[in-house]
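Novice: Kindly generate the corresponding structure for this input.
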Amino acid sequence: MIKFSHLADCHIGSWREEKLKELSMKAFESAINTSIEEDVDFILIAGDLFDYAIPNIDLIKEATGLLKKIKDKNISTFIVPGSHDFSVSGKTMIDVLEKAGLVENVVKLKNNELEITLHKTKNGKEVKLAGLHGKKSGLELYDYVSLNKNPLEQEEGFKIFMFHTTINELKPRNLEKVQGIDVKILPKNFHYYAGGHIHIVKQDKYGNGTITYPGPLFPTNFQEIEELNHGSFYIINFDKDIEIKRIPIKLKDVISININSQDKKPEDIENELYEIIKNHDIKDKIITLRIEGVLSSGKPSDINFPNIMKNLSDAFFVLKNTNKLFARELSDMKIETGSIEQIEEKLIIENIKEETDFKFGNDENFIATIIEALNKEKIEGERNIDFENRLIKELFPLLEI
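Specialist: Residues are numbered from 1 along each chain as shown. The predicted model follows:
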């Protein structure tokens, strides 16, 4: 029997709020400890181990300690870089971890062919692994299209393909506009396809194999906390067939409060909230508070949120979303909603059509990559000049300077 763990989208360091940032690390620690307790042969990480290509030094130190803990237990870790691990310079923290012998990157791509990574389990079984990285703005699509799949498909034995991309046939309706690849572009004849990138829990068949997304290890935004409540990963057993066990990572209970403010006054919303809070045990729980609609009078700032937060002081953490809460006089105005990435994408699409003189044409993916190259944060302790040089090194090759 072959037994292994499948993690994806760990996004260590994804939250700015320290309490939630700590939970994302604890989720990774929980997955590692459970994998050790389950005595798995190896661990797969299908992209986005960190939330940044060059993460905070404290996060690197903690993650490295956990990866060493796995190695000391004689458990191998195989990984593919994800879109958040990706750097246009080609350098990521994954390279450092591999150099230290803590992980093995199975993306061994040369001349449009992937080299197979061989692994022998504790009981002598042979496993063959291969995979492709994720890139910003779905640019990994070109690697799949140009990939010579024949050598991979002709390999015998138990095979695993790791990927970090959106599969069109598996993506949910709310991601229908996200660029993905058709499942038929994946190489055939693998037993298990370990996916990452879209934060959903999903399993399906592909040929005689099984294709899966285990979901994020810990939710990375307000909506994911509302919908998923907690993270998860898979433990897989293979003898004659694939058996998948989903392992939930429940670090904190979640209470989601949704208030429809349509035609209500600010004081009505306050009273409704106080009543809900009174009837729930909020101690040490994550609270999501979403208020939407058009007020009958007053404005959102008239709601006494400081007092509401005082009533929620026993909670572990409170997340508030009032993006769709409007005053009556503003309800007829056009408001752009969505994530920063979604708004950026919409603005690019709307404006690029009018641009004819740009040197690189109207390539949406190119512009998205430029935005990503500029969307870097200064690392703790990094000098300004070093930060500027790092930006220049990533940006100039893109602009052919």
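
Novice: where does His6 fall, phi/psi-wise?
Specialist: Dihedral angles of His6 (phi, psi; degrees, to the nearest 10) stand at phi -130, psi 110.

Novice: Quick check, it in contact with Asn237.
Specialist: No: His6 lies out of contact with Asn237 (Cβ atoms under 8 Å); the separation is 11.7 Å. Bear in mind the C-beta positions are built from the backbone N, C-alpha and C, glycine included.

Novice: and the two? which has more neighbours close in?
Specialist: His6 (27 against 15; other Cβ atoms under 10 Å).

Novice: What spatial separation is found between Leu109 and Thr77?
Specialist: 20 Å (Cβ to Cβ, to the nearest Å).

Novice: These two: which is more packed in?
Specialist: Using other Cβ under 10 Å, the more surrounded residue of Leu109 and Thr77 is Thr77, with 22 against 16.

Novice: nearest spatial neighbour of Pro300, skipping sequence neighbours?
Specialist: Leaving out its chain neighbours, the residue that sits closest to Pro300 by Cβ to Cβ, 6 or more residues apart in numbering is Leu325, at 4.9 Å.

Novice: got the contact list for the one you found?
Specialist: Neighbouring residues of Leu325 by Cβ atoms under 8 Å, 6 or more residues apart in numbering: Ser261, Ile291, Glu292, Gly293, Leu295, Pro300.

Novice: got it, and Phe163?
Specialist: By Cβ under 8 Å, 6+ apart, the neighbours of Phe163 are Ala46, Val80, Gly131, Leu132, Gly134, Leu186, Tyr193, Ala194, Gly195, Gly196, His197.

Novice: Please, which helix or strand holds it?
Specialist: Element membership of Phe163 [criterion: DSSP states H and E] is strand 158-164.

Novice: Could you do Lys71 as well?
Specialist: Using DSSP H and E, Lys71 falls within helix 57-72.

Novice: tell me what the helix or strand just after that helix is packed against?
Specialist: Going down the chain from helix 57-72, the next helix or strand is strand 76-80, by DSSP H and E. Packing partners of strand 76-80 (3 or more Cβ pairs under 8 Å, 6 or more residues apart in numbering; DSSP states H and E): strand 42-46, helix 57-72, helix 93-99, strand 104-105, strand 117-120, strand 126-131, strand 158-164.

Novice: Same list (the ones you listed) but as JSON lines, adding mean pLDDT.
Specialist: As requested, the helices and strands packed on strand 76-80 are exported to JSON lines (pLDDT from 0 to 100):
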{"stretch": "strand 42-46", "mean pLDDT": "98"}
{"stretch": "helix 57-72", "mean pLDDT": "95"}
{"stretch": "helix 93-99", "mean pLDDT": "92"}
{"stretch": "strand 104-105", "mean pLDDT": "96"}
{"stretch": "strand 117-120", "mean pLDDT": "96"}
{"stretch": "strand 126-131", "mean pLDDT": "96"}
{"stretch": "strand 158-164", "mean pLDDT": "96"}
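
Novice: Quick one, which of these gets closest to Ile269.
Specialist: Set against Ile269 and scored by Cβ to Cβ, the helices and strands packed on strand 76-80 come closest in helix 57-72, at 38.0 Å.

Novice: Name the surrounding residues that touch that closest one.
Specialist: Contacts with helix 57-72, where a contact means Cβ under 8 Å, 6+ apart, come from 12-13, 25, 28-29, 32, 35-36, 43, 49-50, 77, 93, 97, 100-103, 379-381.

Novice: For this protein, list the residue farthest from the centre, please.
Specialist: In the chain, counting by Cα atoms, centre = their mean, Ser297 sits farthest out from the average C-alpha position, at 39.8 Å.

Novice: Do I have it right that that residue meets Arg328?
Specialist: Yes: in this structure, Ser297 is within contact of Arg328 by Cβ under 8 Å, at 6.7 Å.

Novice: my guess is Lys19 meets Ala315, correct?
Specialist: No: Lys19 is beyond contact range of Ala315, at 10.5 Å (criterion: Cβ under 8 Å).

Novice: More neighbours: these two, which one.
Specialist: Ala315 (20 against 11).

Novice: Quickly find the element holding that one.
Specialist: Counting by DSSP H and E, Ala315 is found in no helix or strand.

Novice: That one against Asp281, yeah?
Specialist: No: using Cβ under 8 Å, Ala315 is not in contact with Asp281; the gap is 10.1 Å.

Novice: Tell me who's in contact with Asn148.
Specialist: Asn112, Glu113.

Novice: What pLDDT does the model give it?
Specialist: With respect to pLDDT, Asn148 scores 94.

Novice: The one 3 residues further on now?
Specialist: Looking at Pro151, its pLDDT is 94.

Novice: hang on, it is in a helix, isn't it?
Specialist: Yes: the assignment for Pro151, made by DSSP: H, G, I helix; E, B strand; the rest coil, places it in a helix.

Novice: So what pairs up with Ser76 in the strands?
Specialist: Phe42 (DSSP bridges).

Novice: wait, it sits on His119?
Specialist: Yes: contact criterion Cβ under 8 Å: Ser76 and His119 qualify, at 6.1 Å.
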